[in-house]
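In: Everything below, folded, please.
(2 chains)
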Amino acid sequence: MASKTININLKIWRQKNANSKGSMETYKLDNVSTDSSFLEMLDQLNEQLVNERQEPIAFDHDCREGICGMCSLYINGEAHGPDRAITTCQLHMRKFKDGETIYVEPWRAKAFPVIKDLVVDRSAFDRIQQAGGFVSVNTSGRTMDANAIPIGKAEADKAFEAATCIGCGACVASCVNASAMLFVSAKVSQLALLPQGQVEAHQRVLNMVKQMDEEGFGNCTNTGACAVECPKEISLENIARMNREYFRAMVTAE
Amino acid sequence: MSKSGIFTSSLAKKYWMALTGLFLITFLVGHLLGNLQLITKTGEEGRRAFNEYAYFMGHNIFIKILAYLTYFSILAHAIIGLYLAVQNKKARPKNYAYNKPSANSSTASRNMAILGTLILIFICTHMANFWYKQKVAETVPLHILHKEITEQQQNPMTGQLMEQKIGINYVLTTKGDYMPKSYTDPNTGKDVELMDVKEGTHLYDKKAELQVGEGYRDLHTVVMNFFGQSQQGQPTNDLALWAVILYVISMFVLMFHLWHGFASSFQSLGLNHIRYNGFINILGKIFSIVVPLLFAIIPVMIYLNR
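Out: This next block holds a predicted model:
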């Protein structure tokens, strides 16, 4: 099938650095292949900007296969754009019409400050993970094979589904309250569901929630926007599990 | 354990919102059943049933405990809710230039704080109109009964015996030794006679602590007059139509709040399982429509039957 090209208008957030004010700037880009991904379209725009001796637009990207969680972008009012269960690198330009104006903005949250243009600092997620998203493993040379511990199929599947979270931050970006509960609950669940995660279960959920609160994320109001926009379709069931885990830890932890 | 705090952590606040919210949902059912007496029973029977019910609600110890739990729940739900709303606003200091939240969430779910604030305003006016008059200011008149008695009189012209109707006003009181000697009707300025109430017929709960000889407050008439129905010779509310309209609008707001809040409270308490999620969701949707609708019908019916 012959590739089609479209001409588009772009309104993109430009911000010199973390301290500058920033504003929405308008760009015109012609001859965009509908087969190109959204990031390839931005590459094309950056090439045009460089040729015009302008500063290219900074945006996060890495694997471009939808598995690293590096790309972000709030496109036309939705995290990772209008499509479902994909990251921005998997969003194709065929989803847009010829002559359309596309809004591109960084994630907006107090806990995700803008570094430059469309790049935000997501290290708050790393600090939450460091607060409890780990298990103790004997590394003295007699490490037990993980597969030697029997785990029910249903639990294993749910733990795996939770573990598919790539920490991109779309949940925070989509949430009306900029809440990080879907991310934190996925990270709590993937370990809480497995026998290996039981040793630190109480401390994990208490510490990760504490860190989440300290980072300045909002509170969950169960709108469900996070689960809809999540590229990995992490379920709200995980938030309920975190609520249970936290309650248990709150009333029983030593 | 690390200091999690049952008030400070984001998750603990969710538990409080859910628990107080669920308690207020059960309160709505009780309140609705009481209110429905305003339209299911008519005439003196309806007035008496409602006023006896109001008396029971004000004097039963268990109801009193529930009442204080309700006050606490309203305050806690409102204060924590507003605090959370402020925190959530702060979590996104810069908004999107272009946002399309309708793509991923319901309007009700994103506006719980605004809906809740409107409901809080409604509760304040609602309590000022009825609760304050009944409980604090005690400006609700006593329940006055009008009884027609026929008396035989001789016509001075013809000497014939004639039946003449004489109306006598009584105050409906609870049973007791002490009876107020007299009572002046605040509306007519006339003294009225008093009567006792037969044992066993006057209260639903016979174990309730009674003030001996206390008169029943005529809350029924206050409500009827407030929503435009003239009763017991009391002046009706000039703004009755507005009262009805604002009441109905408030019930719409309540409907949206419950549309999201009912099922949301279960999620906040960690109750999310494929086995009962469907049931909770459907029950929540039915509840959020039926309960506010029944509440709203009452003042509309009162107004239309004026």
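
In: Next, the contact list for the nearest residue to A:Leu194 once chain neighbours are set aside, please.
Out: If you skip the residues right next to it in sequence, A:Leu194 has A:Ala159 as its closest partner in space, 5.2 Å away by CB to CB, 6 or more residues apart in numbering or on different chains. Just so you know, the C-beta spots here come from the backbone N, C-alpha and C atoms, and that holds for glycine as well. With contacts defined as CB atoms under 8 Å, 6 or more residues apart in numbering or on different chains, the neighbours of A:Ala159 are A:151, A:189-191, A:193-194.

In: domains in chain A, as residue ranges please.
Out: Per automatic domain parsing, the structural domains of chain A span A:5-116, A:122-252.

In: Let me have those in TSV, extended by mean pLDDT.
Out: Supplementary listing: the domains of chain A in TSV, determined by pLDDT from 0 to 100:
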stretch	mean pLDDT
domain A:5-116	97
domain A:122-252	95
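
In: Deepest-packed of these, please.
Out: With neighbours taken as mean count of other CB atoms under 10 Å in any protein chain shown, the domains of chain A reach their highest mean count in domain A:122-252, at a mean of 20.

In: Tell me if I'm right that B:His143 and B:Ala49 touch.
Out: No. Taking contacts as CB atoms under 8 Å, B:His143 lies outside contact range of B:Ala49: 11.4 Å.

In: Give me the more crowded residue out of these two.
Out: Counted by other CB atoms under 10 Å in any protein chain shown, B:His143 and B:Ala49 do not tie: B:His143 has more neighbours, with 25 against 16.

In: and the gap between the more buried one and B:Lys13?
Out: Between B:His143 and B:Lys13 the distance is 45 Å, computed by CB to CB, to the nearest Å.

In: OK, contacts around B:Gly46?
Out: With contacts defined as CB under 8 Å, 6+ apart, B:Gly46 is in contact with B:37-38, B:40, B:220.

In: scratch that, A:His92 is what I was asking about
Out: Shown here is A:His92, whose contacts under the criterion CB under 8 Å, 6+ apart are A:34-38.

In: which residues pair with it across the strands?
Out: On the basis of DSSP bridges, A:His92 takes part in beta bridges with A:Ser37.

In: Residues of the stretch 1-150 of chain B that sit close to chain A?
Out: Contact residues of the stretch 1-150 of chain B with respect to chain A, defined by CB under 8 Å from any CB of the partner chain, are listed as B:1-2, B:4, B:6, B:8-15, B:84, B:87-88, B:90-101, B:103-106, B:109-110, B:112.

In: Weed out the non-buried ones from those residues.
Out: For these, a burial check counting by 16 or more other CB atoms under 10 Å in any protein chain shown picks out B:4, B:9-15, B:84, B:87-88, B:91-92, B:96, B:98-99, B:101, B:103-105, B:109-110, B:112.

In: out of those, which are inside helices?
Out: With DSSP state H as the criterion, helices contain B:10-15, B:84, B:87-88, B:109-110, B:112 from among these.

In: Turn these into CSV, including distance to B:Phe256 and pLDDT.
Out: Compiled in CSV, these are given as follows (distance: CB to CB, whole Å; pLDDT from 0 to 100):
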residue, distance to B:Phe256, pLDDT
B:Ser10, 24, 94
B:Leu11, 25, 95
B:Ala12, 26, 95
B:Lys13, 22, 95
B:Lys14, 20, 95
B:Tyr15, 23, 96
B:Leu84, 18, 96
B:Gln87, 22, 96
B:Asn88, 18, 97
B:Ser109, 10, 96
B:Arg110, 11, 97
B:Met112, 9, 97
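
In: just to revisit the earlier point, and the domains of chain A: which comes nearest B:Gly278?
Out: Using CB to CB as the criterion, the shortest distance between B:Gly278 and these is 13.7 Å, found for domain A:122-252.

In: which residues in the stretch 151-254 of chain A form helices?
Out: When assigned using DSSP state H, counting those that start in this stretch, the helices of the stretch 151-254 of chain A occupy the ranges A:153-163, A:170-174, A:181-192, A:201-214, A:225-229, A:237-252.

In: Let me fix that, I meant to ask about the stretch 151-300 of chain B.
Out: For the stretch 151-300 of chain B, the helices defined by DSSP H, counting those that start in this stretch occupy B:219-226, B:240-268, B:277-304.

In: neighbouring contacts of the shortest one?
Out: Right, the one you point to is helix B:219-226. Counting by CB under 8 Å, 6+ apart, the neighbours of helix B:219-226 from elsewhere in the structure are B:38, B:46-47, B:50-51, B:54, B:129-130, B:133-134, B:140-141, B:143, B:230-232, B:234-237, B:240, B:243, B:302.

In: Kindly recompute the last result at 7 Å.
Out: With contact meaning CB atoms under 7 Å, 6 or more residues apart in numbering or on different chains, helix B:219-226 is reached by B:38, B:47, B:50-51, B:54, B:129-130, B:133-134, B:140, B:231-232, B:234, B:236-237, B:240, B:243, B:302.

In: List only those of the residues you listed flagged as buried.
Out: Using 16+ other CB under 10 Å as the burial test, the contacts of helix B:219-226 include B:38, B:47, B:50-51, B:54, B:129-130, B:133-134, B:140, B:231-232, B:234, B:237, B:240, B:243, B:302 as buried.

In: Could you tell me which of those are located in strands?
Out: Here DSSP state E is the test, and those give no hits in strands at all.

In: closest to B:Ser264 out of the helices of the stretch 151-254 of chain A?
Out: If you check each of the helices of the stretch 151-254 of chain A against B:Ser264 by CB to CB, helix A:237-252 wins as the nearest, at 10.9 Å.

In: From the rest of the structure, what touches the closest one?
Out: A:162, A:181-182, A:184-186, A:188-189, A:192, A:201-202, A:205-206, A:209, A:220, B:4, B:6, B:11-12, B:14-15, B:267-272.

In: A:Gly132 reaches A:His202, doesn't it?
Out: No. Judged on CB atoms under 7 Å, A:Gly132 makes no contact with A:His202 at a distance of 9.8 Å.

In: Name the nearest residue to A:Gln203, sequence neighbours excluded.
Out: Leaving out its chain neighbours, the residue that sits closest to A:Gln203 by CB to CB, 6+ apart is A:Gly132, at 6.4 Å.

In: Just give me the closest of the contacts of A:His92 to chain B.
Out: When these are compared for distance to chain B (CB to the nearest CB), A:Phe38 wins out at 15.5 Å.

In: roughly how far apart are the residue lying closest to A:Cys226 once chain neighbours are set aside and A:Pro150?
Out: Nearest residue to A:Cys226, sequence neighbours excluded (CB to CB, 6+ apart): A:Cys171, at 3.6 Å. For A:Cys171, the distance to A:Pro150 under the criterion CB to CB works out to 32 Å.

In: residue ranges of the helices in the stretch 1-150 of chain B, please?
Out: With DSSP H, counting those that start in this stretch, the ranges of helices along the stretch 1-150 of chain B come out as B:10-40, B:43-59, B:61-90, B:107-110, B:112-126, B:132-135.
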